[in-house]
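> Following is a predicted model, sequence given first.
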Amino acid sequence: MATRPHLLIAGKTGAGKSTVLNGIIHALLTATTPRDTQFIMIDLKRVELSDYMYIPQTQRYADDGQSALQALQQALRITDTRYADMSTRRLKQYDGSNLYVIIDELADLLTTKATKAPAAEMIQRLCQVGRGARVHVIACTQHIPTIPTAIRCNFSDRVALRTTTAQDSRNIMYRAGAERLPDPLTEHRAMGYYVTGPGPTLYDLPMVPADELRRVVEHWERQAA
Ligand SMILES: Nc1ncnc2c1ncn2[C@@H]1O[C@H](COP(=O)(O)OP(=O)(O)O)[C@@H](O)[C@H]1O
Ligand SMILES: [Mg+2]
């Protein structure tokens with residue numbers, strides 16, 4: 001994440017977005033401590049990320065539009081504070097914890113009238129200035145065309161999972177192909193393209209078993225106090 005700061009994970013329902021997200025979160029929860037890793041979670045569907053609500057890494061869990069906007073404001077305030085701190089200490093790169101702003105179903109935030117404009121503006125700003133402050137945005141979406149191009153472009157790195165159409169695939173990774181990936185629900189395996197500057201690479205996606213995720217979450221919940 002230090003060199004590739006923001007990630008957009010896209011694909012149809014059941015394609016494996018949550019699997020990828022849980023895999024990233026699991027890696028962070030097992031390889032680092034709350035001193036290194038902090039989360040701000042935006043989960044308008046109230047299911048995908050609710051397991052992580054009570055771990056000490058999670059500074060804020062937002063599950064409605066208004067609190068989502070407040071969560072984004074908080075992330076921007078943290079970013080500004082970090083830059084101010086860096087400037088007094090003459091640092092080029094912030095040396096504290098990584099803050100991950102994790103958004104499940106980005107499209108919900110960007111299509112609802114009340115949140116659309118301010119959310120778009122704040123996400124775009126976070127993507128533009130986050131890197132130096134170790135603030136990272138990881139967002140999932142199944143409605144790719146509804147994400148404004150200006151926002152899509154800020155995510156230089158993407159994961160393209162199975163899409164419904166070739167056009168959706170082109171919207172994520174500038175070429176067709178994601179529509180032909182295996183369907184995890186029927187084929188019990190998931191593949192995706194990891195898209196970076198040089199182009200897409202095909203990956204087999206590992207899936208962290210639910211009981212292993214539970215084990216790690218319960219470990220951190222016990223540490224919270
Ligand atoms: N690597 C995998 N191996 C086996 N099954 C998988 C794998 N990835 C996903 N699946 C199956 O696909 C289902 C849907 O994946 P999920 O991550 O919930 O999709 P999404 O969040 O995109 O809707 C999972 O519950 C799981 O049963
Ligand atoms: Mg999901």
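Structure's in. What do you need? Ligands and ions are numbered 1, 2, ... in the order given.

> Hmm, residue 134 is touching residue 100, no?
No. Applying C-beta atoms under 8 Å as the test, residue 134 and residue 100 come out as separate, 9.4 Å apart. Yep, even glycine has a C-beta here, placed from its N, CA and C like the rest.

> Please give me every residue in contact with the most centrally placed residue in the chain.
Geometric centre of the chain, nearest residue: residue 138, 1.7 Å, by C-alpha atoms, centre = their mean. Contact analysis of residue 138 by C-beta atoms under 8 Å, 6 or more residues apart in numbering lists 6-7, 9, 21, 24, 100-103.

> from those, which are also near ligand 1?
Among the contacts of residue 138, no residue is within reach of ligand 1 (C-beta under 6 Å from any ligand atom).

> TSV for those, including distance to residue 84, pLDDT and secondary structure?
Listed next are the contacts of residue 138 as TSV, based on distance: C-beta to C-beta, whole Å; pLDDT from 0 to 100; DSSP: H, G, I helix; E, B strand; the rest coil:
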residue	distance to residue 84	pLDDT	secondary structure
6	22	95	coil
7	26	95	strand
9	31	96	strand
21	31	94	helix
24	29	95	helix
100	21	98	strand
101	19	98	strand
102	25	98	strand
103	25	96	strand
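
> tell me which of those is nearest to ligand 2?
Within the set of these, residue 21 lies nearest ligand 2; the separation is 7.6 Å, counting by C-beta to the ion.

> The closest one and residue 104: what is the separation?
Here residue 21 is placed at a distance of 7 Å from residue 104 (C-beta to C-beta, to the nearest Å).

> Residue 83 now?
Residue 83 sits 27 Å away from residue 104, going by C-beta to C-beta.

> Neighbour count: these two, which is higher?
residue 104 (24 against 15; other C-beta atoms under 10 Å).

> Is that one bridged to anything, and to what?
Residue 104 has these beta-bridge partners by DSSP bridges: residue 43.

> Please name the residues that touch it.
17-18, 21, 41-45, 48-49, 139-140.
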